Structures are given as structure tokens and as C-alpha cells.
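**Q** predicted coordinates and the sequence they were generated for:
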Amino acid sequence: VIGSNIANILLILGVTVLIAPIRIEIRGLARDCVALGTATAAGLFVLFHGELGRLTGFLFVLLVVSYTTFAYRSERQTHAPSADLHAGEAGLAGHVKGSLWVVIVTAAGGLAAILVGATLLVDGSITLAEMLGVSSAVIGLTIVAIGTSLPELVTSVVAATRKQPELAFGNVVGSNIFNVLAILGVTAVIEPLTITHGFDWVDAAMFLGTAIALVVLAGRLTRFVGVVFIVVWVAYSVSLFQHG
């Protein structure tokens, strides 16, 4: 989750703004940015506390459900910029044509593929960490982060090529919120998390710093900023393997 959020901002948005710079009115995403700040604080809490129990995990899930419900209800009744932005994001999604059974079978097949793919990704990543002699946290912050961020990359590139790069911004913000509150929350409810090693202050600083950069630079995500984002991500990833 930590690695995916960092990659979403530095790598995914970096690639996106190389295709099409983003000029977004941050006031239209004020609510989402507040939610991102909350999620980032929650992620830092887990890193520094070293564990995430079922009760706290349930609180994370409650927060993301409350946020989603509030966003849904408020945007159904207004034509705010955030509502138009999220409607545009939904429009980028594909649609399965056919009968109800075709849709059900397609959805079930997709879910099965995700489960199999996730299992292979985790097992392969653990083996790779052992072969390279680095911690599983390093693999999670890099290889697994890229793998889990691929859907955001595809969506963001599509948005940029359609001259709607602001949709990529909303996609990254939403993904980072759900990564922390929903994914960590649900995981902890199923199995409490204990973090014993593998992370340090640099990872926490990158996690917090990228979230701040996303909000501060929202109105001026130029191609130069995109290059800087990508260079920082590559340098960070290389340093992880060097210090493993």
C-alpha cells in the first residue's frame, strides 16, 4: 500500500503529465484532498505504531464507507467540479455487452483472474526478495507497487491521450485513499497486521511528501514536474535495493 501510493503519484502522474500537463482547480477536489490527508495520516500511524488491529482496521473501513457515502449523496444533488470529474472517470471504464449471464460470467472470470494473479504476484515477490537478499518490504515498495498500480497507469494514460489529464489526477487521489483505508482496513479485519522491520523514516517521508506534493502542485503539474517525479521515483527505488 505504501509503495503503491508513492508510485501512483511519482510514476503514474509523472508519466501522465509527460503526455498532457494537468491544470486543475484544487477547490473542486477539496473534499477528496481532505480524505487523502486523513488516509495519509492513517498510513503513517500504521508505520510508526508497527501494528494494525481488527478494531482500528474496522475504523478504517468505516471511514472509507462514510467518505464514499457522503461523496455519492452530495454529488448526486450538485453539479460541482468534483462531480463532473468523477463522472468523467467512470466514463473511461469499459462496458461488457451482452445478457445478464454474460456480464456475470465475465465478472466472475475477472475476479478469479485477480485472485490467481494476486497469489502469483505475492508468492513470486517473496521468492524474488529471498533470491536478491533484500527484505520483503523493499519488494513491496517497488515491484509489487508497480504491479498493483498498473490499473491506475492504464486509466491515467487513457485519460491523458483523450486530453482529460485531470481525470488521472482524480483517479490517483481516489486510489490512494482506498489503498490505505479500504485495503489496509479490510486486511486488518481479516488478519491483524504487525510490522517488525523493513521500513524507515525515508519511506515515511516519501509517503507523506508525495501526498503533500500532489496537493500543492495540483494546479501546475507540468512536463518538467513529471520528469522530476519520475527521476525521484527511480532514485528512491534504486536506493531501496542498494540498502535492501
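**A** That came through, no problem.
**Q** was I right about Gly147 contacting Leu121?
**A** Yes - the pair Gly147 and Leu121 qualifies as a contact (CB atoms under 8 Å) at a distance of 5.3 Å. In this view, the C-beta of every residue, glycine as well, is placed from N, C-alpha and C.
**Q** compare those two (neighbour count), which wins?
**A** Applying other CB atoms under 10 Å to Gly147 and Leu121 shows that Gly147 carries more neighbours, namely 19 against 14.
**Q** what does the helix or strand encompassing Glu75 contact?
**A** Using DSSP states H and E, Glu75 falls within helix 54-76. For helix 54-76, contacts defined as CB atoms under 8 Å, 6 or more residues apart in numbering pick out 31-32, 35, 38, 42, 52, 80, 82-83, 86, 177-178, 180-182, 184-189, 192-193.
**Q** now, which of these lie within strands?
**A** Leu52, Leu193 (DSSP state E).
**Q** can you give me the mean pLDDT across the longest helix along the chain?
**A** When the chain is parsed with DSSP state H, its longest helix is helix 100-132. Here helix 100-132 scores 81 as its mean pLDDT.
**Q** check the offset of that helix from the chain's centre.
**A** Relative to its chain's centre, helix 100-132 lies at 18 Å (CA atoms, centre = their mean, to the nearest Å).
**Q** packing partners for it?
**A** When contacts are defined as 3 or more CB pairs under 8 Å, 6 or more residues apart in numbering; DSSP states H and E, helix 100-132 packs onto helix 136-141, helix 143-161.
**Q** and the contacts of the last one?
**A** For helix 143-161, the external contacting residues (CB under 8 Å, 6+ apart) are 3-4, 6-8, 11-13, 15-17, 19-20, 88-89, 92, 121-122, 125, 128, 165-168, 171-172, 175.
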